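Colleague: below is the structure, and that's it, no one-letter string:
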């Protein structure tokens with residue numbers, strides 16, 4: 001095999017390090033995905049528990065409002081704990 005291409009220019013070999021893209025962003029992407037999932041799950045759990053409380057005790061719409069508020073507070077606390085790992 002020749003070290004020159006068709007135009008008689010030297011060919012620079014590609015090392016294995018040059019052909020790979022860095023994978024350093026994946027832990028950050030995973031952390032953001034975990035934060036988003038945490039927020040969605042906790043707020044949804046608050047909604048479900050609030051709707052259950054409204055049906056069980058006939059307190060509509062207060063159970064839903066309190067459930068959303070508690071789910072949101074729990075989500076914020078969880079995300080703050082997750083972010084503190086990177087600070």
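Modeller: Looks like it came in fine. Predicted model, so just to flag it, every value in this text is computed and none were measured.

Colleague: okay, CA-based contacts and neighbour counts for the rest of this
Modeller: Fine.

Colleague: let me see the backbone angles for the spatially most central residue of the chain.
Modeller: Centroid-nearest residue in the chain, with C-alpha atoms, centre = their mean: residue 33, separated by 1.3 Å. Main-chain torsions, residue 33, degrees, to the nearest 10: phi -60, psi -40.

Colleague: distance of it from residue 73?
Modeller: Separation of residue 33 from residue 73 (C-alpha to C-alpha, to the nearest Å): 19 Å.

Colleague: same check on residue 30?
Modeller: Note on residue 30: its distance to residue 73, by C-alpha to C-alpha, is 22 Å.

Colleague: so for those two, which sits in the more crowded spot?
Modeller: residue 73 (16 against 11; other C-alpha atoms under 10 Å).

Colleague: buried stuff in the helix or strand containing the more buried one?
Modeller: Using DSSP states H and E, residue 73 maps to helix 62-84. Residues 63-76, 79 are the ones in helix 62-84 that count as buried (16 or more other C-alpha atoms under 10 Å).

Colleague: returning to that earlier point: and the pLDDT at the residue nearest to the centre of the chain?
Modeller: In this model, residue 33 is scored at 91, pLDDT.

Colleague: show me the contacts for it.
Modeller: For residue 33, the contact set (C-alpha atoms under 8 Å, 6 or more residues apart in numbering) is empty.

Colleague: low-confidence ranges in this protein?
Modeller: Filtered on pLDDT under 70, the chain yields the residue ranges 1-26.

Colleague: which parts of this protein are helices?
Modeller: Secondary structure of the chain (DSSP state H): helices located at 16-19, 26-57, 62-84.

Colleague: give me the contacts around the last one.
Modeller: Taking C-alpha under 8 Å, 6+ apart as the criterion, the residues outside helix 62-84 that touch it are 31, 35, 38-39, 42-54.
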